[in-house]
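*Asks:* The following comprises the amino acid sequence and a computationally predicted model.
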Amino acid sequence: MKCKPNILLIVSDQHRYDCTGYSQDYPVKTPNLDRLASEGISFTSAYTPIPLCCPARQSFLNGRRPETFGGLWNYDSSLKVEALEPEEYSWPRELQDSGYQSTYIGKWHVHPSHNPTMYGYDRYIGRGEYDRYRRSKYPDVKYKNGCFGEVDPVGLEDARSHWLAGQAIETMEGYAQTGRPWHIRLDFPGPHLPCTPVKEFADIYRAEEIPMWRSFGEEFKNKPYIQKQQLYNWNIQGLTWEDWSGTVALYYGFISQIDDAIGRVLGKLDDLGMAEDTLLIYTTDHGDMCGGHRMMDKHYVLYDDVVRVPLIVRWPGRIEAGRVCNDFVSHFLDLPPTLLEIIDQEPKEFFHGRSLMPFFRGEKPEDWRQEIVSTYNGQQFGLYTQRMLRTREWKYIWNTTDIDELYDMEKDPDELNNLIQHEEHASLVADLRKRLYGILIKEGDGLAKSRWMKDQLLSGRKI
């Protein structure tokens, strides 16, 4: 085994944790992800720091919560916001300085004008290259069903997922000749809506056989007003499960198609004899409502549908096969210090996460976190700040301009019954607010620094 492993980082966009085969929840077929989980470690309680593409991806590169550098929502929204500038810290530069050759392939969505080569990657193969390839081969193909998705009429080899996988395979083949360690980030734009699997994978799932999301009975009783408003923003207020099931079937199909593309990359890694020398990570930026709670996309909520994510790490000879970690992990905050430790670099003092290496060894630090925090600040439908604290038993959500939320995650894992106004939970809520405030202040969240917001959290001046 090499002293410094190759690092293959595979990221998708909007993949729910419960839509993996190894989670044994909803019936999505992911044989290649299941294989990775069986050969490495899978994390059952990994959470995104923020369920929105740009700030999540920026946070991952920088190792800090996005609020600390102004990454509040997607920079391509009509409401303009800061992006992570190249002058900020980016851990891929550490790999570059340590002798790694590196390529970024696929979705970027970190900065509107600066690409990955400004953040530590040697080479970038972006979505635009695929778009040009597709237009040259299928100039007349256009999608017609908007966010609800449809079958992609192109051949599997020409689908975006498999074209990107092909680029990763060609890159690995080139790197295999150099004898130097390499880092490849392969970033799939799916299964982000609109879901457009090719026929081969769309045909795996029949709409009438898709089980209803357990949260689909949502009535928004005692919930923040903005959640029900989202149904009207998207014009989906009257949709039944029969209306939704076809889109969910496409979502399943898209996930299975990406899994197949990942399988091709794994096969080439084996063929090249590099699997033993490669640390492989699979994860996503955040999840997707896709009809959960009757809602679309991921905005203005912190339900587990969008904040709980798959995270798998395989490292032959260093991680025991089939290991499962149930502890809380903030995946995009904990991976940067992990990767630095792997290349024998010290974590940065400003990092908000901790290295996962002890879990790779089958150990758990005594002082590991007992809760996890996710945040939200708004997007195209307006500004709306939320902060979530999740413990094993409870989830508390601080909605600064509306009613808060409290869910009993053992009795109500689908988060349908908001208990925030139940008097018997008053002391519990006070404790959760205090714990949340402490974390936000420690990690430099400006929202909590105001005395007005401190009063709201700590002195009970909240509905």
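*Replies:* Ah, there it is.

*Asks:* distance of Leu280 from Gly40?
*Replies:* Separation of Leu280 from Gly40 (CB to CB, to the nearest Å) stands at 7 Å. C-beta coordinates here come from the backbone N, C-alpha and C atoms, glycine included.

*Asks:* Hmm, I typed the wrong one, I wanted Tyr130.
*Replies:* Distance from Tyr130 to Gly40, counting by CB to CB: 29 Å.

*Asks:* what about those two, which has more around it?
*Replies:* Between Tyr130 and Gly40, counting by other CB atoms under 10 Å, Gly40 is the more crowded of the two (23 against 20).

*Asks:* so the more buried one makes contact with Arg323?
*Replies:* Yes. Under the criterion of CB atoms under 8 Å, Gly40 makes contact with Arg323 at 7.1 Å.

*Asks:* and the spatially most central residue of the chain, what is it in contact with?
*Replies:* By CA atoms, centre = their mean, the chain has its centre lying nearest to Asp285, at 2.2 Å. By CB atoms under 8 Å, 6 or more residues apart in numbering, the contact set of Asp285 is Val11, Ser12, Asp13, Gln14, Thr48, Cys53, Ala56, Arg57, Phe60, Val309, Phe332.

*Asks:* From these, which land in helices?
*Replies:* With helices taken from DSSP state H, the overlap with the contacts of Asp285 comprises Cys53, Ala56, Arg57, Phe60, Phe332.

*Asks:* With pLDDT added, can I get those in a markdown table?
*Replies:* Converted to a markdown table, those look like this (pLDDT from 0 to 100):
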| residue | pLDDT |
| --- | --- |
| Cys53 | 97 |
| Ala56 | 98 |
| Arg57 | 98 |
| Phe60 | 98 |
| Phe332 | 98 |
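
*Asks:* could those go into TSV alongside distance to Thr171 and neighbour count?
*Replies:* Below are those laid out as TSV (distance: CB to CB, whole Å; neighbours: other CB atoms under 10 Å):
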residue	distance to Thr171	neighbour count
Cys53	24	23
Ala56	24	26
Arg57	20	26
Phe60	20	25
Phe332	23	32
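
*Asks:* Between those, which sits nearest His422?
*Replies:* Ala56 (32.5 Å; CB to CB).

*Asks:* in terms of contact, does that closest one touch Leu72 like I think?
*Replies:* No. Contact criterion CB under 8 Å: Ala56 and Leu72 do not qualify, at 11.8 Å.

*Asks:* quick one: common contacting residues for the two?
*Replies:* Shared contacts of Ala56 and Leu72 (CB under 8 Å, 6+ apart): Pro66.

*Asks:* and Ile397, helix, strand or coil?
*Replies:* Counting by DSSP: H, G, I helix; E, B strand; the rest coil, the backbone at Ile397 sits in strand.

*Asks:* Identify the residues contacting it.
*Replies:* Leu302, Gln386, Arg387, Met388, Leu389, Asp404, Glu405, Leu406.

*Asks:* got the contact list for the residue lying closest to the third one once chain neighbours are set aside?
*Replies:* With sequence-adjacent residues excluded and distances taken as CB to CB, 6 or more residues apart in numbering, Arg387 is closest to Trp398, at 4.5 Å. Applying CB under 8 Å, 6+ apart, one finds that Trp398 lies in contact with Gln386, Arg387, Met388, Leu389, Asp404, Arg433, Leu436, Gln456, Leu457.

*Asks:* where's Trp398 relative to Thr375, distance?
*Replies:* 10 Å.

*Asks:* Next, show the common contact partners of these two.
*Replies:* Common contacts of Trp398 and Thr375 (CB under 8 Å, 6+ apart): Gln386, Arg387, Met388.

*Asks:* tell me how far the helix or strand where the first one lies is from the chain's mean position?
*Replies:* Taking DSSP states H and E as the definition, one finds Gln386 inside strand 382-390. When C-alpha coordinates are averaged (CA atoms, centre = their mean, to the nearest Å), strand 382-390 and its chain have centres 17 Å apart.
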